[in-house]
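**Q** here is my input; please provide its structure:
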Amino acid sequence: MKTVIISDTHLTHKFDQKRFEYLKKIVSSADQVIINGDFIDLYATKFNKFINSQWQELFALLKSKNTIYLFGNHDPYIWMDERVNDFSVSQGDIHTLPWKDTTLHISHGHEIIPTVGDYVPNWIARRAALGKMGIYRDQFGTLLRGKRFLERYRKLNTRVKKWVNDNLSEDTIYICGHTHFAEIDLKNRFINSGFIQHGIGQYITVREDTLEVVDERY
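**A** Just a heads-up that it's a prediction; the model follows:
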């Protein structure tokens, strides 16, 4: 059994063939998929525009993998409708998964580290185009500096690790996205799945005996 956990694709209605082929490859390789938030960037598009975009070519494949959709700060359910069922079989904020003698506690992570858009009303976040600003920032940052640009997010993972140690039992491993910095630190019971954008592909694979963070170019 292979479970793939992805997060922070920040898809909009604009289609990207190269990223589509990469996501299709990842999803096809899995027995089950968990989308851990920010699959869609609803600060930068509207749900109806996304649903009717060419990204719908991925929907049937996702549904066939019994995809679980966990909401993030850029794709809260309040901005969606029942068509979320077109590409996932269940939705929520938290999912738990048994693994060996532990429990994987999976959620996006924005409740632990809120971002600017979480402090303002939804209509202001959209009007200010906060999603587009974040996309352009990371796009140009990774273009100019590659993965070194992402080091700026490492300190956010450190804050999440402290939350894990303060709030979760010792037999629980926390898996989040949100910070866009892939990392596996089992000593601190923490894993971050990174993001899939700008030619960088990061995600988690869970098998019976292994947890792995994949970090590659696409």
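**Q** going forward, measure contacts and count neighbours with C-alpha atoms only.
**A** Will do.
**Q** which residues of the protein score low on pLDDT?
**A** Low-confidence segments of the chain (pLDDT under 70): 115-151.
**Q** what about the helices in it?
**A** Applying DSSP state H to the chain gives helices spanning 17-28, 47-51, 59-64, 122-127, 130-145, 154-167.
**Q** so where do the strands sit in the chain?
**A** 3-6, 32-36, 68-70, 90-92, 95-99, 102-106, 172-176, 183-185, 190-192, 196-197, 200-206, 211-217 (DSSP state E).
**Q** which of those sits closest to Lys46?
**A** Lys46 lies closest, by C-alpha to C-alpha, to one member of the strands of the chain: strand 68-70, at 17.6 Å.
**Q** now do the contacts for Ile106.
**A** 36, 94-97, 174-176 (C-alpha atoms under 8 Å, 6 or more residues apart in numbering).
**Q** which of those residues has the largest number of neighbours?
**A** Neighbour counts for these (other C-alpha atoms under 10 Å) peak at Asn36, which has 29 neighbours.
**Q** surely that residue touches His108?
**A** Yes: between Asn36 and His108 there is a contact under C-alpha atoms under 8 Å: 5.3 Å.
**Q** overlap in contacts of these two?
**A** Shared contacts of Asn36 and His108, counting by C-alpha under 8 Å, 6+ apart, come down to 7, 70-72, 176-177.
**Q** related to what we said a few turns ago, of the strands of the chain, which is nearest Leu58?
**A** Short answer: strand 32-36, nearest of those by C-alpha to C-alpha, at 12.6 Å.
**Q** show me how far that closest one is from its chain's centre.
**A** What separates the centre of strand 32-36 from the centre of its chain is 9 Å, taken as C-alpha atoms, centre = their mean, to the nearest Å.
**Q** give me the sheet partners of that strand and which way each runs.
**A** Here strand 32-36 is paired, per DSSP bridges, with strand 3-6 (parallel), strand 68-70 (parallel).
**Q** could you pull up the contacting residues of the residue sitting furthest away from the middle of the chain?
**A** Residue farthest from the centre of the chain, counting by C-alpha atoms, centre = their mean, is Asp101 at 25.1 Å. Counting by C-alpha under 8 Å, 6+ apart, Asp101 touches Asp171.
**Q** list the residues that contact the nearest residue to Ser7 once chain neighbours are set aside.
**A** Leaving aside its sequence neighbours, Ser7 sits nearest to Asn36 (C-alpha to C-alpha, 6 or more residues apart in numbering; 4.8 Å). Contacts for Asn36 (C-alpha under 8 Å, 6+ apart) come out as 5-8, 69-72, 106-108, 176-177.
**Q** same thing but at 7 Å, please
**A** 5-7, 69-71, 107-108, 177 (C-alpha atoms under 7 Å, 6 or more residues apart in numbering).
**Q** how about Val213?
**A** Val213 makes contact with 184, 193, 202-205, according to C-alpha under 7 Å, 6+ apart.
**Q** do the same with Tyr174
**A** With C-alpha under 7 Å, 6+ apart, Tyr174 has these contacts: 104-106, 164, 189-191.
**Q** now do 8 Å
**A** 104-107, 164, 189-191.
**Q** is it possible to get a markdown table of the residues you listed that adds distance to Gln17?
**A** Shown next, in a markdown table, are the contacts of Tyr174 (distance: C-alpha to C-alpha, whole Å):
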| residue | distance to Gln17 |
| --- | --- |
| Leu104 | 32 |
| His105 | 32 |
| Ile106 | 29 |
| Ser107 | 28 |
| Val164 | 37 |
| Arg189 | 36 |
| Phe190 | 32 |
| Ile191 | 29 |
